[in-house]
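Here is a sequence with its predicted model. Questions after.
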Amino acid sequence: MRVLIIDDEQNIRKTTAVVLEGMGHETAGVEDGTAALRQLDKTAFDVAFLDLKLNGESGLDLIVELLKSSPHLDIVVFTAFASVETAVEAMRRGAMDYIPKPFTPDQLRQVLNRIVKTRNLQGRLADLESRISSDSPSTELVSVEPAMQKVFELALKAADTPATMLILGESGTGKTVLARAIHDRSQQKSKTFVTVSCPSLSRELLESELFGHVKGAFTGAVGETWGKVALADGGTLFLDEIGELPLEIQPKLLRLLQDKEYERVGEAKTRRANVRVIAASNRDLEQAIHDSRFREDLFYRLNVISVHLPPLRERKGDLLNIARDFLRFFSTQCGKKIKRFSPLAERALLQYDWQGNLRELRNVVERAAILANGEQIELADLPDKMDSSAAHGAQANATELGGRVTLEALENEHIRRVMGQTKTMEEAALVLGIDPATLYRKRKKLGP
């Protein structure tokens with residue numbers, strides 16, 4: 001690594017450089033903050049060793065300037081005036097580690113090994129995130145449906161602002177996908193996108209998950225945690241199913257939204273976090289307010305920009321395009337060359353109800369890609385429930401007005417539909433304009 005040594009004592013600079021170069025690192029030494037910033041302007045460094053006392057200049061104040069000039073720089077402070085307070089303050093301002101003077105070559109080696117280990121973990125994390133993203137179909141915010149076009153237009157317009165957003169819609173409609181797309185198009189896109197699933201934990205654990213806790217704050221709190229709010233600082237905090245957030249935690253979330261302040265569980269110290277909040281819910285939050293399960297002031301704070309994702313059954317114009325995107329992805333993942341859906345399979349997809357929305361469609365297409373033998377998805381590759389739906393749809397289409405069918409077939413289909421929509425035979429007869437006895441005879445002729 002390339003290491004910058006910032007110390008006003010020449011002997012310290014030379015000694016440290018000898019040790020580091022003996023470990024195989026490149027070094028440069030400077031005596032004050034101005035020279036250090038000039039070096040960073042000219043050359044990229046991986047690590048800086050910084051003395052906290054520089055001829056009247058504060059090394060603590062210099063930490064912020066160094067990181068502003070080189071955000072990826074790992075700073076290790078060393079000083080003869082070691083104390084817990086200075087160590088904590090140095091870390092708070094952005095230093096990665098702390099070494100008291102005098103130090104040994106072994107201490108330098110250990111701190112550099114920790115830096116290498118951390119950077120390796122960061123690289124593995126980035127690789128894992130890349131692999132995870134490659135395990136999901138890409139998401140395009142395009143639609144032929146006017147309702148969805150309005151949703152995407154509003155979401156993209158608000159994405160580049162710090163406004164809190166609320167995404168509403170049934171389970172499986174793609175609320176998390178839309179939230180991530182908003183983050184990727186926001187000013188926070190280079191920072192973290194952190195998800196908290198509100199129904200997944202008990203009240204106590206959820207509060208700790210959000211805000212963190214100190215050791216001994218509750219039973220089982222054997223160590224300290226910082227929480228998802230601290231992790232999302234500077235980025236986006238996505239609160240999934242916000243309608244399930246316990247009432248006891250709602251005032252604390254409201255405070256975070258209004259003042260950017262919070263406290264860890266079991267700690268009195270107030271902390272700050274600059275997070276952009278996006279919340280999602282499949283519940284009617286206004287009804288939850290009426291039922292005293294959700295705070296009205298929190299709702300209005302969340303509802304700065306609100307979008308409603310329609311269910312998939314109301315997006316039939318988009319359905320086949322989405323299914324084809326899923327098919328291309330899963331075909332590649334399965335190592336197959338599946339090019340299309342058969343006409344019957346497409347009809348089945350269009351006529352199915354899709355109560356599980358996009359999540360159910362994804363699962364159906366993945367299953368079909370696994371089962372398919374040829375270059376297209378056949379009706380037999382889809383679940384049986386979709387086969388029967390297609391058969392019913394085919395029968396209905398066969399008796400449409402203007403179709404090549406007999407009057408008797410049209411009459412029989414009309415009778416079936418009217419009987420299916422009415423509660424009694426007498427009501428059906430009234431709608432059809434015939435007496436009940438005639439309807440009974442016709443029904444007997446139709447069979448079960």
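The structure has been received and is ready for your questions. Note that the coordinates shown come from a computational prediction; the quantities given were computed from them, not determined experimentally.

Any regions of the chain where pLDDT drops low?
81-84, 120, 122-139, 388-405, 420-421, 423, 446-448 (pLDDT under 70).

Need the nearest residue in space to residue 431, chain neighbours excluded.
Excluding its sequence neighbours, the residue lying closest to residue 431 (Cβ to Cβ, 6 or more residues apart in numbering) is residue 418, at 5.3 Å. (Each C-beta comes from the backbone N, C-alpha and C, glycine too.)

For the one you found, give its distance to residue 428.
Per Cβ to Cβ, to the nearest Å, residue 418 is found 5 Å from residue 428.

Could you check how far stretch 433-442 is from the centre of its chain?
Stretch 433-442 sits 59 Å away from the centroid of its parent chain (Cα atoms, centre = their mean, to the nearest Å).

hmm, I was thinking of stretch 3-20
45 Å.

Over to the most centrally placed residue in the chain: give its phi and psi.
Closest to where the C-alpha atoms of the chain average out (Cα atoms, centre = their mean) is residue 180, at 4.7 Å. Here is the backbone geometry of residue 180 (degrees, to the nearest 10): phi -70, psi -40.

As CSV, could you dump the C-alpha coordinates of the host helix or strand of the residue nearest to residue 431?
Assessed by DSSP states H and E, residue 418 sits inside helix 407-421. Provided in CSV are the C-alpha atoms of helix 407-421 (Å, rounded to 0.1, in the frame of the first residue of the first chain):
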residue,chain,number,x,y,z
LEU,A,407,-77.4,-19.2,-31.6
GLU,A,408,-78.0,-22.2,-29.3
ALA,A,409,-74.4,-22.1,-28.0
LEU,A,410,-74.6,-18.3,-27.4
GLU,A,411,-77.9,-18.8,-25.5
ASN,A,412,-76.5,-21.6,-23.4
GLU,A,413,-73.4,-19.5,-22.5
HIS,A,414,-75.5,-16.5,-21.7
ILE,A,415,-77.7,-18.6,-19.4
ARG,A,416,-74.7,-20.0,-17.6
ARG,A,417,-73.2,-16.5,-17.0
VAL,A,418,-76.5,-15.0,-15.7
MET,A,419,-77.0,-18.0,-13.4
GLY,A,420,-73.5,-17.5,-12.1
GLN,A,421,-74.2,-13.9,-11.2
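
now the strands for the stretch 1-150 of the chain?
For the stretch 1-150 of the chain, strands defined by DSSP state E, counting those that start in this stretch occupy the ranges 2-6, 26-30, 47-51, 53-54, 57-58, 74-79, 97-100.

Please identify the most buried of these.
strand 47-51 (a mean of 25; mean count of other Cβ atoms under 10 Å).

and that one, what does it pack onto?
strand 2-6, helix 59-69, strand 74-79 (3 or more Cβ pairs under 8 Å, 6 or more residues apart in numbering; DSSP states H and E).

quick one: the longest one to strand 2-6, angle?
To tie it back to what came earlier, the one meant is helix 59-69. For helix 59-69 against strand 2-6, the angle by axes from the mean of the first three to the mean of the last three Cα atoms, to 10 degrees is 150 degrees.

In the stretch 201-350 of the chain, mark out all the strands, start to finish.
For the stretch 201-350 of the chain, strands defined by DSSP E, counting those that start in this stretch occupy the ranges 236-240, 261-262, 271-272, 276-281, 305-309, 340-341.
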